[in-house]
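Student: Fold the following, please.
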Amino acid sequence: MDEIFSRIHPGQRIFVGTGCGEPQYLVQALMQHVESLPKAFWDVEIWTLGITSYPSEKYRQYFRYNSFFIGNGLREAVNSGAADYTPSFLSRVPDLFERRMIPIDVALIQTSPADPRGYLNLGVSVDIVKAAVENASLVIAQVNSLMPRVRGDGFIPMEDIDIIVSYDEPILEFRAEADTEIAKRIGRYVSRIVQDGDTIQVGYGSIPSAILSSLRDKRHLGIHTELLSDGMVELMKKGVVDNARKTIDQGKTVASFCMGKKETYDYIDDNPSIEFRTIDYTNSPLVISRHSNMVAINSALQLDLTGQATAESIGTSFYSGIGGQADFMRGALWSPHGKSILAFPSTARNGTVSRIVPFLNEGVGFTLHRGDVEYVVTEYGIAYLHGKNIRERAMELISIAHPQFRAWLIEEAKRHALIYKDQAFIPGKEGEYPEHLETRRTTRKGIQILLRPVKISDEPLLKNLFYSLSDDARYRRFLSGRRNLDHDLLQKFVILDYTKQMAILATIEQEGREEVVGVGRYSVNEEEDIYTADVAFVVRDGTQNRGIGTELFDYLTSLAKRQGLHGFTALVLLENKPMLHMIRKMGFEIEEKLEGDVYELKMMFRSPSRSF
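Tutor: Numbering: from 1, shown residues only. The predicted structure is shown next:
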């Protein structure tokens, strides 16, 4: 090895194969060479993409590490100034090599053995390695019979290799952290957004692993991604991913590198349904946008109430890097019917800090701008930001923040005029959104609806419902000729003490957005001798007589019984025959009193409602 490494000279740049494709034997041999010949190397720069570990102090006088991405092994060194970080979209790194903006003198890579035609294969890491090989003055390859041979761009002709070192060793493995309950909840929410036939990109870690697990009931998914993970391969094995509906590269799972376990490496070996392409192809926003129904799913360290996010740094401390997240999120937005999803736990540091903050911390690197994110998902729900103004965005994000930080976020948002100065809020359990009360129903006319409690961010939805109603419908609901519904009154509809009030929305999905088709609510009659609640509801014009009102009223009744209420009271106009007919067939013991043109109704429960 000393003879081989004698061809490396002081001041040169050495590229080391990336990720789990790192040539461990060559790297260790290089370090041993320096130990035996300490004067051989000076000021050598090693370029990498988040190596597994950083060399000990004794090597630092010989090598200076420079990385396009900061992994666990380099994070402390970069932030202490002992190593360098070069920010770049990964899709642009090959161009840096080709234009000699970053000239590569030596490339240390790992490959599979040559096939009968004399081609080696880069195996689990094609990404930026192919470009390094094509532009390095000296290429040293560790040929490892355990490296899988993956179809696509990873083939290297023997004549492009200057030195071959045969050495077999297990390929590095990466195992995601075990799914937590929080990760599973996030995964279930994301699964609501991903549809059959979508093409997906997902990052790595416990959250992406849980997201992929939650997609097991989907059909005909496609994959176009930077990283191929164990979870994606499991979906391929189960037949969930067949790439049948991809717009380009149909029938193929396309990725740039793989980090996983040995069973995954065995699966991708010579698999005709998988292709590894160079990073300037997989991560090109133009290529990504050519996929119809492209869904990019990524994570963040911190997100502010206006929709800006970072996945790169914590304040002034570098954490990871630009990577490919922005490329995929923007490419997905330009995709026909594409979606960008940011999914992360609501807190960090064992629940002591909120990841959703009023504004990003000073010194932070902005990975995603306000226009890059459509959906935000935490364990507390889904916030849809696309097309929303700052006030609406702030309220959406506060509603999915951890409950212990919502009051603080409300006050900070008021202080910075991000939301209404008089925005109401009920802290504690009384005002915490009861997610467990969400349920899906199909009406007698076959309409699929989601019944869910109202949220503090629902003012715009209720406002749209109100102004969609005819004058007649408004009169029947409000018993007045009310023509406006301002913020002060809207707050009374969406800010609830759920122990004393309940408001249920009936919603349907329209082109990826939620539309309210009905709303029902009750408020406990605290002044009455008997434990009842005043009830009212309305169904959107054009969707009446389709069973929506019946399902809504039935569910409100179920919730009231669960709360221990004995019945409802209501005021109904004499002319509102459909409402009276529906109430009379619900199975209540009804007392009716007609005062002028208004019925005063007392509806006592006597039979169980349908289960939910």
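Student: Restrict stretch 362-381 to CA atoms and write it as PDB.
Tutor: Coordinates of the C-alpha atoms in stretch 362-381 are reproduced here as PDB (Å, rounded to 0.1, in the frame of the first residue of the first chain):
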ATOM      1  CA  GLU A 362     -30.600  34.000  14.500                       C
ATOM      2  CA  GLY A 363     -27.800  32.600  12.300                       C
ATOM      3  CA  VAL A 364     -29.900  29.700  11.000                       C
ATOM      4  CA  GLY A 365     -29.600  28.500   7.500                       C
ATOM      5  CA  PHE A 366     -32.900  28.800   5.500                       C
ATOM      6  CA  THR A 367     -33.400  25.500   3.800                       C
ATOM      7  CA  LEU A 368     -37.000  26.100   2.700                       C
ATOM      8  CA  HIS A 369     -38.700  29.400   2.000                       C
ATOM      9  CA  ARG A 370     -42.300  30.300   2.600                       C
ATOM     10  CA  GLY A 371     -43.300  29.200  -0.900                       C
ATOM     11  CA  ASP A 372     -41.700  25.800  -0.700                       C
ATOM     12  CA  VAL A 373     -44.000  24.000   1.800                       C
ATOM     13  CA  GLU A 374     -47.500  22.900   1.200                       C
ATOM     14  CA  TYR A 375     -48.200  20.500   4.100                       C
ATOM     15  CA  VAL A 376     -46.700  20.500   7.500                       C
ATOM     16  CA  VAL A 377     -47.300  17.400   9.700                       C
ATOM     17  CA  THR A 378     -46.600  16.800  13.400                       C
ATOM     18  CA  GLU A 379     -48.000  14.200  15.800                       C
ATOM     19  CA  TYR A 380     -50.800  16.700  16.400                       C
ATOM     20  CA  GLY A 381     -52.100  16.900  12.800                       C
END
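Student: Show me which positions of that stretch end up buried.
Tutor: For stretch 362-381, the neighbour count (16 or more other C-beta atoms under 10 Å) marks 364-368, 372-381 as buried. C-beta coordinates here come from the backbone N, C-alpha and C atoms, glycine included.
Student: and what of stretch 164-177?
Tutor: By 16+ other C-beta under 10 Å, the buried positions in stretch 164-177 come out as Val165, Ile171, Phe174, Ala176.
Student: Determine how far it lies from the middle of the whole chain.
Tutor: How far stretch 164-177 lies from its chain's middle: 30 Å, per C-alpha atoms, centre = their mean, to the nearest Å.
Student: re the thing from before, may I see the buried residues of stretch 164-177 organised as a markdown table, with secondary structure, distance to Glu45 and pLDDT added?
Tutor: Formatted as a markdown table, these follow (DSSP: H, G, I helix; E, B strand; the rest coil; distance: C-beta to C-beta, whole Å; pLDDT from 0 to 100):
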| residue | secondary structure | distance to Glu45 | pLDDT |
| --- | --- | --- | --- |
| Val165 | strand | 22 | 96 |
| Ile171 | coil | 26 | 96 |
| Phe174 | coil | 26 | 88 |
| Ala176 | coil | 32 | 76 |
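Student: Now the two most distant members of these.
Tutor: Greatest spacing in the buried residues of stretch 164-177, by C-beta to C-beta: Val165 and Ala176 (31.5 Å).
Student: about what we covered before: return the member of the buried residues of stretch 164-177 nearest to Gln201.
Tutor: Ala176 (16.2 Å).
Student: Contact partners for the closest one?
Tutor: By C-beta atoms under 8 Å, 6 or more residues apart in numbering, Ala176 lies in contact with Tyr204, Gly205, Ser206, Pro208, Ser209, Ser229, Asp230, Gly231.
Student: Give me the three-state assignment for the spatially closest residue to it that is not a sequence neighbour.
Tutor: With sequence-adjacent residues excluded and distances taken as C-beta to C-beta, 6 or more residues apart in numbering, Ala176 is closest to Ser209, at 4.2 Å. The three-state label given to Ser209 by DSSP: H, G, I helix; E, B strand; the rest coil is helix.
Student: which secondary structure element contains Phe97?
Tutor: Phe97 belongs to helix 93-98 when assigned by DSSP states H and E.
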